[in-house]
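Enquirer: Got a sequence here, can you model it:
(chains A and B)
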Amino acid sequence: GEQVEQLPSILRVQERSSASINCTYENSASNYFPWYKQEPGENPKLIIDIRSNMERKQIQGLIVLLDKKAKRFSLHITDTQPADSAMYFCAARSNTGYQNFYFGKGTSLTVIP
Amino acid sequence: NSKVIQTPRYLVKGQGQKAKMRCIPEKGHPVVFWYQQNKNNEFKFLINFQNQEVLQQIDMTEKRFSAECPSNSPCSLEIQSSEAGDSALYLCASSRANSDYTFGSGTRLLVI
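Expert: Sure thing, here's the model as predicted:
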């Protein structure tokens, strides 16, 4: 299977708190896990990614964790700001086949001032 | 300012009409993908190319769409006979091997 499950679908947090989004994948051959942020009317933009040879990656206030055994990866946004409000999508890509990304169904994040 | 250029940004067609959209991939990216993002924000993979060759496409694309990625010309995706259910954001993405996608800004299709 190639399905990617993403939860929660809706997330509301207070400004300056943390926001966490979790994804699970089925294909154990998946080796690359990007996260995209999509603002209304815009295209998805890569914000952070992690490869299967890593367990943790941080870029400023964004942290991604990867648990290959559990086939689970997560995005943590620390010190959220209203500008972080957007749709967030996780994706998983296998290194076999045609390198398609399989996307989660998205999380709508609202950061309340 | 995406490095993947999609045109037009908006497209309005009547049911049964053809709807054509174009994509210029990022320079040096041999792989091109088309996705349909519906009103629920779900991504549906449609077709992908490596250089000019189709790698994979779903059944719907094979039956109702025509797509190509000629050398030295934009890639294109055309719905042969638009249906109301085709109304969506069509995203083109390109990538190098084993790399992330660069998405274009999308073509938002409305079929009335």
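Enquirer: Now do the same contact list for residue 15.
Expert: Since you didn't name a chain, this refers to chain A. Listed by CB atoms under 8 Å, 6 or more residues apart in numbering or on different chains, the contact set of residue A:15 reads A:80, A:81, A:82, A:111, A:112, A:113. All C-beta atoms are positioned from the backbone trio N, CA, C, and that covers glycine.
Enquirer: The intended chain is chain B.
Expert: With CB under 8 Å, 6+ apart, residue B:15 has these contacts: B:82, B:83, B:84, B:111, B:112.
Enquirer: Would you agree it falls within a strand?
Expert: No - counting by DSSP: H, G, I helix; E, B strand; the rest coil, residue B:15 is not found in a strand; it is coil.
Enquirer: Restricted to strands, list the contacts of residue B:15.
Expert: residue B:111 (DSSP state E).
Enquirer: what two of the contacts of residue B:15 are the furthest from one another?
Expert: Greatest spatial distance among the contacts of residue B:15 (CB to CB): B:83 and B:112, at 11.2 Å.
Enquirer: returning to that earlier point: can you pick the most crowded of the contacts of residue B:15?
Expert: Ranked by neighbour count (other CB atoms under 10 Å in any protein chain shown), the contacts of residue B:15 have residue B:82 at the top, with 23 neighbours.
Enquirer: Any residues of chain B in contact with chain A? List them.
Expert: Chain B has residues B:2, B:31, B:33, B:40-43, B:45, B:48, B:50, B:55-56, B:91, B:95, B:97-98, B:100-106 near chain A, with proximity defined as CB under 8 Å from any CB of the partner chain.
Enquirer: Narrow the residues you listed to those that are buried.
Expert: Applying 16 or more other CB atoms under 10 Å in any protein chain shown to the residues of chain B next to chain A, the neighbour count classes B:2, B:31, B:33, B:41, B:43, B:45, B:48, B:55-56, B:91, B:95, B:100-106 as buried.
Enquirer: Of these, which belong to strands?
Expert: Members of these lying in strands (criterion: DSSP E): B:31, B:33, B:43, B:45, B:48, B:55, B:56, B:91, B:95, B:102, B:103.
Enquirer: how about these, which pair is most distant?
Expert: Across these, no pair lies farther apart than B:56 and B:102, at 19.3 Å, counting by CB to CB.
Enquirer: Quick check: mean pLDDT of stretch A:53-66?
Expert: Taken as a whole, stretch A:53-66 has a mean pLDDT of 97.
Enquirer: Actually, stretch A:102-113.
Expert: For stretch A:102-113, the per-residue pLDDT averages 96.
Enquirer: Now do that stretch: distance from first to last residue.
Expert: 33 Å (CA to CA, to the nearest Å).
Enquirer: Kindly list the single helix or strand of chain A that scores lowest on mean pLDDT.
Expert: The helix or strand of chain A with the poorest confidence is strand A:101-103; it has a mean of 90 (mean pLDDT, DSSP states H and E).
Enquirer: and residue B:51, how many neighbours does it have?
Expert: 10.
Enquirer: The nearest residue to it once chain neighbours are set aside and chain A: what is the separation?
Expert: Spatial nearest neighbour of residue B:51, excluding adjacent residues (CB to CB, 6 or more residues apart in numbering or on different chains): residue B:30 at 5.3 Å. Using CB to the nearest CB, to the nearest Å, residue B:30 is found at 11 Å from chain A.
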